[in-house]
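> Okay, here's the prediction I keep looking at, along with the sequence it came from:
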Amino acid sequence: MRLEVLVVALWCAFVVVYADEIFEFYGDSHYEFGRQMGLRFRDKIQDRMRLNTKLQNLLLPFAKTSTGRKLLDRCSDIVLTSPEIHVVAHNEDSGEVDVNRTAIVIAKIGNEPKFVAYTYLGDLPSGAFGFNENGVAFTLNFVQPSEIFVGGLGRGFISRDLLTAKNANDATSIITREGQAAGHNFQLMDVRAKRVWNIEVASFNRHLIYKFKDEGSAVSAFFHANQYQRLQIAQPLYQSSLHRLHRYSELTPPKTIEEALVVLGDQEDRSWPVFHDSLSHAKGDLSGWTLTTIVFNLDKGNAVSFLGNPAYHRQNLVWDLFNLTVLPSGTSDSL
C-alpha cells in the first residue's frame, strides 16, 4: 500500500499545468479558421482524441451503428455583486486528458463579432469561458438533467453561437433556445452595463434565469458547482459537486476577490477538493484537474487568470474585455 501511494505521489508530481498558447485568426472563412487551428495544434488534438476514453469506447463505436450515423464535471463559480463590485470567479476543471491541451483563441471571422475563447483543442470555442466585442461574456458549468432529448442540439453548439451574441438579450435567447439535448449552466455577463445572470438550462425547453441584484451596501456571494441549484429537475448526483457545495456551506461567504480566490483554492476535503492539482492528487483527490482560474472584474473591464492555486495570487494573464487582448500580467497588477 505504501509503495502504491508513493507511485501515485511521484506520478502526480510530474503533472504540471502550463500557460496556454494563444491562437489568433482574422479572415472571412470558418473553414479556414478551423483548418489553420488544426494545423497549429494537430499533435495536441490527436493526443487528446486518442486519450479520450469516452470518445474511443463509446461515441466512435456508436457512430458506426445505423442509429449513430443518423445523429453524428467539473467547474466551480463564485459570483460577487454589490453596487461597488461585479465579479465572476471561475475554476475551469476537466480530466487529465485535457491538461495542457487547451488554447486561447482570438478570432474575427467575416462579419461576426470578434471573440476571445478559452478552448479545448479539437472542440468548438468555447466549452469553458469567453467574451466578444459586443460586451457579452460568460463562464460555463457542466450540468446534466436525468432526461436527455435525443436528437437535440448539443451544448457545444450553443456556447459557440453565444460568441456571436449582439447583446445580453440576444445572448439570453441563444442560451434558452428550444430543442437542446441536455443543458448547461451559464454565468452571463453584460460587460458594459456591469450586469450578471445565472442561467440554468435543461432538455425539453426548461430553463431558469436569475439576475443578480446589486442593491444595498452588502456584498452578495453565490457559489455554483456542477449541479442544478435553482432549476428543480431530476438529475444524477455527483460526489464532487456535493462535496464542493458542502465545503462552501462550511465557509464564510466571500466578500472580496481575495476571499473568493481562497475558496476556489480550497483543498480541505482531500477526496473531493474545490481546487485540483498535483498536491491534491497526492493527498487522495478522486476528481479531475483545475486547468486555470479566471476572475472577471466588470468594474475594471478585465479578467485575470492564474497559474496554480489561485489562493497564492500567481497572476498569469490579463484579458481586456473591451479591447479583446490577452497579455502577460505585470507584477504590479492588482486584483
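Yep, it's here. Note that this is a predicted model, so its numbers are computed, not measured.
> Make sure Ile158 is indeed in a strand.
No: Ile158 is assigned helix when assessed by DSSP: H, G, I helix; E, B strand; the rest coil, not a strand.
> burial measure for it, as a count.
22 (other CB atoms under 10 Å). Backbone N, C-alpha and C define where each C-beta goes, glycine included.
> ok, it touching Thr176?
No: look at Ile158 against Thr176 with CB atoms under 8 Å: they stay out of range, at 9.4 Å.
> where do the contact lists of these two overlap?
Shared contacts of Ile158 and Thr176 (CB atoms under 8 Å, 6 or more residues apart in numbering): Val201.
> OK, contacts around the residue nearest to Pro254 when sequence neighbours are not counted?
Closest residue to Pro254 apart from its sequence neighbours, by CB to CB, 6 or more residues apart in numbering: Ala260 at 4.2 Å. Residues in contact with Ala260 (CB under 8 Å, 6+ apart) are 78, 80, 87, 89, 221, 254, 295.
> do that again at 7 Å, thanks
Taking CB atoms under 7 Å, 6 or more residues apart in numbering, we find Ala260 in contact with 78, 80, 87, 89, 254.
> wait, what's in contact with the third one?
It stands for Val87. 80, 257, 260, 295-297.
> Quick check: can you name the pairing partners of the helix or strand containing it and their directions?
Val87 belongs to strand 86-94 when elements are defined using DSSP states H and E. According to DSSP bridges, strand 86-94 forms sheet pairs with strand 75-81 (antiparallel), strand 289-297 (antiparallel).
> So which of the ones you listed is nearest Arg247?
Proximity to Arg247 (CB to CB) singles out strand 75-81 among those, at 10.2 Å.
> and the end-to-end length of stretch 80-99?
Chord length of stretch 80-99, first to last residue, is 28 Å (CA to CA, to the nearest Å).
> and of the contacts of Val87, the nearest to Leu208?
Comparing these against Leu208 with CB to CB places Leu80 closest, at 20.6 Å.
> what's that closest one in contact with, if anything?
Going by CB under 7 Å, 6+ apart, Leu80 touches 87, 219, 221, 254, 260.
> Pull up the gap between Arg155 and Ser240, please.
Here Arg155 is placed at a distance of 19 Å from Ser240 (CB to CB, to the nearest Å).
> In terms of neighbours, single out the busier of these two.
Neighbour count, other CB under 10 Å: between Arg155 and Ser240, Ser240 has more, with 24 against 18.
> Helix or strand: which one has the more buried one?
According to DSSP H and E, Ser240 maps onto helix 239-250.
> Counting neighbours, which bits of the next helix-or-strand element following that helix end up buried?
The first helix or strand that comes after helix 239-250 along the chain, using DSSP H and E, is helix 257-264. Neighbour-count burial for helix 257-264 flags 257, 259-264 (criterion: 16 or more other CB atoms under 10 Å).
> distance of Gly116 from Glu178?
Gly isn't right for residue 116; it's Val. 28 Å.
> likewise Trp289?
Distance from Trp289 to Glu178, counting by CB to CB: 35 Å.
> need the strands for the stretch 201-335 of the chain, in chain order.
Listed in chain order, the strands of the stretch 201-335 of the chain (DSSP state E, counting those that start in this stretch) span residues 206-211, 220-224, 289-297, 302-306, 315-320, 325-328.
> wait, which of those strands is closest to Ile22?
Closest among the strands of the stretch 201-335 of the chain, using CB to CB: strand 325-328, at 6.0 Å.
> ok, back up a step: any chance of the buried residues of helix 257-264 in JSON lines, with pLDDT too?
Formatted as JSON lines, the buried residues of helix 257-264 follow (pLDDT from 0 to 100):
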{"residue": "Ile257", "pLDDT": "98"}
{"residue": "Glu259", "pLDDT": "98"}
{"residue": "Ala260", "pLDDT": "98"}
{"residue": "Leu261", "pLDDT": "98"}
{"residue": "Val262", "pLDDT": "98"}
{"residue": "Val263", "pLDDT": "98"}
{"residue": "Leu264", "pLDDT": "98"}
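> nearest to Asn316, of those residues?
Set against Asn316, the nearest of the buried residues of helix 257-264 by CB to CB is Leu261 (13.1 Å).
> what does stretch 201-220 contact?
Against stretch 201-220 from outside (CB under 7 Å, 6+ apart): 79-83, 85-86, 145, 147-149, 152, 172, 175-176, 178, 180-184, 195-200, 230-231, 233, 255.
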